[in-house]
Each structure stands twice: as structure tokens, then as C-alpha cells.
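Novice: Here is a sequence with its predicted model. Questions after.
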2 protein chains.
Amino acid sequence: MSKPNQSASEPNQRTNEPNQRTGAPKQTAGKKKPQVSPSPERRRELLGIAADVFAEQGYNATTVRKIADAAGMLAGSLYYHFDSKESMLEEILRTFLTELWDGYDSVLQAQLGPRETLEALVTESFREIDRHRAAVAIYQKESRHLVAQKRFQYLSDSQQRFEKAWLTTLERGVAEGVFRDDLDIRLAYRFVRDTVWVAASWYRPGGGHSPEEIARQYLSMVLDGISVRT
Amino acid sequence: MSKPNQSASEPNQRTNEPNQRTGAPKQTAGKKKPQVSPSPERRRELLGIAADVFAEQGYNATTVRKIADAAGMLAGSLYYHFDSKESMLEEILRTFLTELWDGYDSVLQAQLGPRETLEALVTESFREIDRHRAAVAIYQKESRHLVAQKRFQYLSDSQQRFEKAWLTTLERGVAEGVFRDDLDIRLAYRFVRDTVWVAASWYRPGGGHSPEEIARQYLSMVLDGISVRT
DNA sequence: ACACTTCCCTAACAAGTGTTTGGTAGGTTA
DNA sequence: TAACCTACCAAACACTTGTTAGGGAAGTGT
């Protein structure tokens, strides 16, 4: 947004003179990090574009040429900023999870009651969906395949912390008599978790509902159900 | 299962004599359907294997060589039974949706009350997840990208029938006073729809819970909520 | 014995993939 | 003016992808 990307399907052309060379040999030496220092602002800008394409087309179906096209440049130019396609994915998800846990931790440290904790966590989740909907969509679709790789182990770490936080909250609620005790608590956990995060697949910001409004309605359904009280 | 697939990573070798040829020209003539007639049983068997791989790795990340490997044969051999990778996907999803609507239609034609209809639809959904969990997982992950293609238009057709059936049921419930009228009905629809189908991402048959048992607990949460009655 | 069918293998193809390398326009600093 | 840095282009590379073509082994019917 800071720089106007011209036509977005035509690559930059600052010169029209083609540039012929004749084959360079390949040498697979040890890992060489480039000596250059790309600006972090441009990095974030490109990651935002990449995240949108990943979210819309899926990671594997997204080619680096499509990303470059959306950014108004050529595929190889991306490698000035990032050293692989997977690195982009990794940075997108890592940034998202870092900010997510910033919010969660402040909720958990507030030492609220079980019901208030649940309400705060759900509301916070919808705010994150509002801010990182592309990253959330990617996380939903790809995390299952990625947890196997050691590079993405922070995904399963996060998943475990997530599960622990929710289960603890639910158990406390049952012990204190604010949540029903006749339900499988593990099932209830998956229920709450899924109902929140799948919203990212259809939620579009500026669609009449604020994150807080959606959270309020979701909480109303999860806590009190959709049937009338008898 | 009817035929023991040997080692599953070693292709069949009925002869050890290599077979050399020297380049055949490519001719892209009009669509030629093969004159052969592969058995439908073997087709279904292979589709089941392909569905498992698709569900686990994602459609785009799944190569035809992986499918063939899981089936104990080589990539090219799949094309004796199917004419493309996409055809396999199409047949998997079409078969699933056909059987799904068989179940739904019999529920809808029973003319039950809104609450009973909702209960029956949810229970039927969990039964379908139990029988077609691979297809359901594929549907969840890939349908969003596929609806654009005309070949998969039956996906959006199904989606519309789905939405109509659920919205009608919910509206009837509100009108008859069995469902709450203070909720956004469209949000409630997405809520119910998503809570049911995401279960396919973690559900594994034979895991202690029968489909009916899971349906019972889900319905209890959706209808009455997880908080205790005051 | 022969023809025929079913089902798979061998071997390649063209298109597309992520990635690397060298070059260079434009700006900033000395 | 010269040296330097940032951010990109142009062109190729090795490899993987879905797909095709021809051939052959085992079984079945005649």
C-alpha cells in the first residue's frame, strides 16, 4: 500500500533491453545466507499478500509465481526477501500465534472465574480472527500436515497449551458448578474450540457484525443453547 | 482387502526383464475413452485408498504416485481405471454427497417437528461422517476451491439445498416457539452446520463413541448449552 | 491351440515447480 | 565522480508433476 504496485500482472520493466546469458553451472554448497538486508516493512507487506493468496488457494496450490504476480513482481525477486516459500508460511503462522498468545496470556493471568475466562477467551479469539483472518484460515487448513515437521513444532506446542488452557477452564467450571457435569469434557472442548475457529472460514471484516457482536452471539449459543428455556 | 497388496512400496514385478523403447510421439487428438472395462469393485477399492490419502495429505499435496504407492502399484496403472486425478476426486465427492442426500431426504420427507428434524439431521450427519470420514474431510478442505469449476457445480448445488433445509428448519422452530428468537438465524445456521461437520477432522471410528452417542452430546450442547440451568 | 479380456508395468513426455545466479536501475552517501 | 546499497529483473536450472503409449503376464472361453 505504501508503494503503488503497477498493473499486478505485468512485471516491473525499468528497462526494455533483454539480457542474454548462456548457462551457469549449479553448485550445491553449504547453506549461504544472503549478505543483503531487506527492509522489514516490505517483508510484512509481502507476507500479507502471500497470506491472502495462501488462504484463498491453499498453500500447495499456491505457486511462488502467483504470489509474485499479486505483489507485482517476478518469482525470483521474492528470494531477495525470503529464502523459501516454506519460510513465508512459517513466518506467517509464527507471527499469528505469537500475537494470539499475547492476548490469551493476558486473559489467563487475570484469574477470572471459569465462565468469565471462557467468555474472554472466545471474545479474544474472534478479535484475532478479525485481525489475522488469512493466517487463521491457513492455520486451519494446513496445520494438520505441518505438525509432523520439526520446523513447525511450535504448532503442536501451541496446540497443547491451547488444549490445556481450555480443559482447565472447563474442569474448573464443572467443579464450581457453573458448567454441566453430565457432558464428556473432551467433547465439550472440541465443541467450543471448533465452533470458534471455523468462523474464520466465512467471516469477512466489515460484514455488519463486529468481532465482539459475533462473540456475544456465539457465547449465547454455546452457554445457553438455541432452544427456548422451559 | 480382497486382494493382498504386496509390500505397498514395491511395485508389482511379474517379470524382471526390462523393456526398452525409444521415444513415442505425442498426439493430442480428441477425447478418447478407453475401450476397456475395468471392474467397478476394483474402482471402489482404489477410490477408498485415494480418499484416505487425499484426506490425510490434502488433494494438491497428494501425487498420483503416492496414491499408486498406497495401492501397491505404479502411477500409470491408475489410468487404466480412471482418466485423471481430478476424476477420482470428483467421483469420491459425488458418491459421498449422493448418499448423504439419500439420508437427508428421508428425514426431511418425514415431516417431523423442527426440533425433531434438527435432531434427526444432526444424527444422520454423524452417521455419514462415520461412514465417509475421508470424503467429509476432503469436502471440508477442498470444496471452497472447487465450487468455481463447472465440473464441481453439484457442490454448490448441494450447499444451497443444505442451507435451505437448515434455515427452513430453524425458522419453523422460531415460529413455533421451540427455538430462541433473539438470535441471528444465519449465525445460528453456520453455528450448527460447522459444529457438526468439523467433527470429521478429529473423529475416528471405533474410538469409544458411536456416531449416535456423539450426536446425542452435540445436540445436548447445541440445544441446551454447556452452562447449568439457573 | 488360439483369441480375447483384464490388469498392471516400463518408459517416457511436456508442462510446471521452487530456486539460483548474475546483472542493473535508481537512490544515498562520501 | 565514485563507491555502495536496496530491490528488483531476466534467464536459466534440476526436479516433480499428471498423463500417455506400448507391451506383457495371467486368466477365461472356444
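Specialist: Good, I have the coordinates. Numbers count the residues shown, from 1 in each chain, chains lettered A, B, ... in the order given.

Novice: element containing the most centrally placed residue in chain A, please.
Specialist: In chain A, the C-alpha closest to the average C-alpha coordinate belongs to A:Ala135, at a distance of 2.4 Å (CA atoms, centre = their mean). Following DSSP states H and E, the helix or strand that holds A:Ala135 is helix A:133-146.

Novice: got a list of contacts for the following helix or strand past that helix?
Specialist: Elements were assigned by DSSP H and E; along the chain past helix A:133-146, the next helix or strand is helix A:153-175. Contact with helix A:153-175 is made by A:93-94, A:97, A:100-101, A:104, A:108, A:114-115, A:117-118, A:121, A:143, A:146-147, A:179-181, A:185-186, A:188-189, A:192-193, as judged by CB atoms under 8 Å, 6 or more residues apart in numbering or on different chains. The way it works is simple: take the backbone N, C-alpha and C, and place the C-beta from them, glycine included.

Novice: Can you pull out the low-pLDDT segments for chain A?
Specialist: Counting by pLDDT under 70, chain A has low-confidence residues at A:1-36.

Novice: Up against chain B, what does it have?
Specialist: Taking CB under 8 Å from any CB of the partner chain as the contact definition, chain A meets chain B at A:57-58, A:60-61, A:115, A:141-142, A:144-145, A:177-180, A:183-184, A:187-188, A:190-192, A:194-195, A:198-199, A:201-202, A:209, A:214, A:217-218, A:220-229.

Novice: Recalculate using a threshold of 6 Å.
Specialist: On the criterion CB under 6 Å from any CB of the partner chain, chain B has as its neighbours in chain A the residues A:60-61, A:141, A:179-180, A:184, A:187-188, A:191, A:194-195, A:198, A:217, A:221, A:223-228.

Novice: Mind checking which of those land in helices?
Specialist: Judged by DSSP state H, the residues of chain A next to chain B include A:141, A:187-188, A:191, A:194-195, A:217, A:221, A:223-224 as members of helices.

Novice: quick check: domain ranges of chain A?
Specialist: The record, using automatic domain parsing to delimit domains, assigns chain A the ranges A:40-83, A:87-224.

Novice: Kindly reformat those domains as JSON lines containing distance to DNA strand D.
Specialist: Compiled in JSON lines, the domains of chain A are given as follows (distance: least, CB to the nearest atom of the strand, whole Å):
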{"stretch": "domain A:40-83", "distance to DNA strand D": "3"}
{"stretch": "domain A:87-224", "distance to DNA strand D": "13"}
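
Novice: would you turn the ones you listed into CSV with distance to B:Lys164?
Specialist: Conversion of the domains of chain A to CSV gives the following (distance: least, CB to CB, whole Å):
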stretch, distance to B:Lys164
domain A:40-83, 26
domain A:87-224, 17
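
Novice: I'd like to know which of those domains lies nearest to B:Lys85.
Specialist: Comparing the domains of chain A against B:Lys85 with CB to CB, the closest turns out to be domain A:40-83 (13.2 Å).

Novice: That closest one and DNA strand C, are they touching?
Specialist: Yes: taking CB under 7 Å from any atom of the strand as the criterion, domain A:40-83 and DNA strand C are in contact, through A:62-65, A:75-76, A:78-79, A:83.

Novice: Out of the residues you listed, who's the most crowded?
Specialist: Within these, A:Thr62 tops the neighbour count with 22 neighbours, counted by other CB atoms under 10 Å in any protein chain shown.

Novice: got a list of what that residue touches?
Specialist: By CB atoms under 6 Å, 6 or more residues apart in numbering or on different chains, the contact list for A:Thr62 reads A:53-54.

Novice: How about the one 4 residues further on?
Specialist: With contacts defined as CB under 6 Å, 6+ apart, the neighbours of A:Lys66 are A:Val53.

Novice: Quickly note the distance from it to B:Ser84.
Specialist: In this structure, A:Lys66 lies at 22 Å from B:Ser84, with CB to CB, to the nearest Å as the measure.

Novice: Return the helix holding A:Ala135 as PDB; C-alpha atoms alone will do.
Specialist: Extracted as PDB, the C-alpha positions of helix A:133-146 are listed here (Å, rounded to 0.1, in the frame of the first residue of the first chain):
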ATOM      1  CA  ARG A 133      -8.200 -14.000   9.200                       C
ATOM      2  CA  ALA A 134      -5.900 -15.100   6.400                       C
ATOM      3  CA  ALA A 135      -3.400 -16.600   8.900                       C
ATOM      4  CA  VAL A 136      -6.200 -18.300  10.700                       C
ATOM      5  CA  ALA A 137      -7.600 -19.800   7.500                       C
ATOM      6  CA  ILE A 138      -4.200 -21.100   6.600                       C
ATOM      7  CA  TYR A 139      -3.700 -22.500  10.100                       C
ATOM      8  CA  GLN A 140      -7.000 -24.300   9.900                       C
ATOM      9  CA  LYS A 141      -6.200 -25.900   6.500                       C
ATOM     10  CA  GLU A 142      -2.600 -26.700   6.800                       C
ATOM     11  CA  SER A 143      -1.600 -27.200  10.400                       C
ATOM     12  CA  ARG A 144      -2.600 -30.900  10.300                       C
ATOM     13  CA  HIS A 145       0.000 -31.600   7.700                       C
ATOM     14  CA  LEU A 146       2.700 -29.400   9.100                       C
END
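
Novice: Which secondary structure elements does that helix sit against?
Specialist: Of the remaining helices and strands, those touching helix A:133-146 by 3 or more CB pairs under 6 Å, 6 or more residues apart in numbering or on different chains; DSSP states H and E are helix A:40-57, helix A:85-108.

Novice: counting contacts, what elements does the shortest one pack onto?
Specialist: Helix A:40-57 makes packing contacts with helix A:64-71, helix A:85-108, helix A:133-146 when contacts are defined by 3+ CB pairs under 6 Å, 6+ apart.

Novice: rewinding a little: next one: the helix holding A:Ala135 to chain centre, how far?
Specialist: Distance of helix A:133-146 from its chain centroid, counting by CA atoms, centre = their mean, to the nearest Å, is 6 Å.

Novice: Helix A:85-108 and that helix, what's the angle between them?
Specialist: Between the axis of helix A:133-146 and that of helix A:85-108 there is an angle of 110 degrees, by axes from the mean of the first three to the mean of the last three CA atoms, to 10 degrees.
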